[in-house]
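Undergrad: output the structure for:
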Amino acid sequence: TRFADILAATSANSNTNVDLLGESFKYVAPVAGAYGYSLEDVSLALGTMASAGVKGTQAGTGLRQALKQLTTPTDKNAALMDKYGISLYNADGSVKTLRSSMQQWRETFGGLNVDLYDTEGNLKSGEQIMEEYGHSLPVSEQEKLNAVASIFGTRALPGVLAIINSSDESFQELANDIDNSSTSFGGLGDAAYQQHVMLD
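TA: Predicted coordinates:
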């Protein structure tokens, strides 16, 4: 019931549906599960990605790559993570929640002036983003974009940029909708409410 409510709330409050969320979970769930990440936090990540157009397989594989890159960084990426204070772990060695990690990414890299879509409205790949912006941003933004691409991986770049550039209002609103998905609509929960609407 909890999972049904979370999927219902995420699909109703972001630009995706249950089928696409299921496809995303299929790819990222093993890695997210290994870290003990909550369904709520993974759904928040996938819903935030989806609202920027990164959905389904692309969202799941992108988030999976980002987490894997953070788990086993190269020496170069480990140095970049140290420089920008990016880590999956707390000072005591315990694993941070995915939500606190995302907040850290947003605080460190937020505000990068990068358009995820081309002139025809198609979502760009990580390679296209780097080709277009890899040498054209102001120096401080340039360094951050290059760091994001290196730390998280090029495949993960569109999804990670969606997370870090989402407005605080949108991010928090979706988080609240997901967190309250089982008690919403007078305690009915999102899934039961949607069922009621569909059957009416």
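Undergrad: when you work out contacts or count neighbours from here on, use the C-alpha atoms and nothing else.
TA: OK.
Undergrad: which residues touch the residue nearest the centre of the chain?
TA: With distances taken as CA atoms, centre = their mean, Ala45 lies nearest the centre of the chain, 3.2 Å away. Going by CA atoms under 8 Å, 6 or more residues apart in numbering, Ala45 touches 102, 163.
Undergrad: pLDDT of the helix or strand that Ala45 is a member of, averaged?
TA: According to DSSP states H and E, Ala45 maps onto helix 39-51. For helix 39-51, mean pLDDT is 97.
Undergrad: how about stretch 11-26?
TA: In the prediction, stretch 11-26 has an average pLDDT of 96.
Undergrad: buried residues, it. List them.
TA: With burial defined by 16 or more other CA atoms under 10 Å, the residues of stretch 11-26 counted as buried are 11-18, 20-21, 23-25.
Undergrad: circling back: other residues contacting the helix or strand following the helix holding Ala45?
TA: Scanning forward in sequence from helix 39-51 by DSSP H and E, the next helix or strand is helix 56-71. Identification of contacts with helix 56-71 by CA under 8 Å, 6+ apart yields 19-28, 31-32, 46, 49-50, 87-88, 151-153, 155-160.
Undergrad: okay, and which of the residues you listed map to helices?
TA: Residues of the contacts of helix 56-71 located in helices (DSSP state H): 19-28, 31-32, 46, 49-50, 151-152, 157-160.
Undergrad: next up, the contacts around Asp190.
TA: Contacts of Asp190 by CA under 8 Å, 6+ apart are 5-6, 8-9, 181-184.
Undergrad: okay if I get these as TSV plus secondary structure and distance to Gly121?
TA: Below are the contacts of Asp190 laid out as TSV (DSSP: H, G, I helix; E, B strand; the rest coil; distance: CA to CA, whole Å):
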residue	secondary structure	distance to Gly121
Asp5	helix	32
Ile6	helix	29
Ala8	helix	27
Ala9	helix	27
Ser181	coil	32
Ser182	coil	36
Thr183	coil	37
Ser184	helix	35
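Undergrad: only whichever of those residues are buried, select them in ChimeraX.
TA: Listed next is the ChimeraX selection for buried residues among those, using 16+ other CA under 10 Å:
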select :5,6,8,9,181,182,184
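Undergrad: which one of the contacts of Asp190 sits closest to Ser94?
TA: Using CA to CA, Ile6 comes nearest to Ser94 of those, at 25.6 Å.
Undergrad: separation between that closest one and Leu174?
TA: To Leu174, Ile6 is 11 Å away according to CA to CA, to the nearest Å.
Undergrad: next one: Leu39
TA: If you go by CA to CA, the gap between Leu39 and Leu174 works out to 14 Å.
Undergrad: quick one: which of the two has more around it?
TA: Counted by other CA atoms under 10 Å, Leu39 and Leu174 do not tie: Leu174 has more neighbours, with 21 against 18.
Undergrad: isn't Ile178 right up against Thr10?
TA: Yes - if you go by CA atoms under 8 Å, Ile178 and Thr10 touch, sitting 6.3 Å apart.
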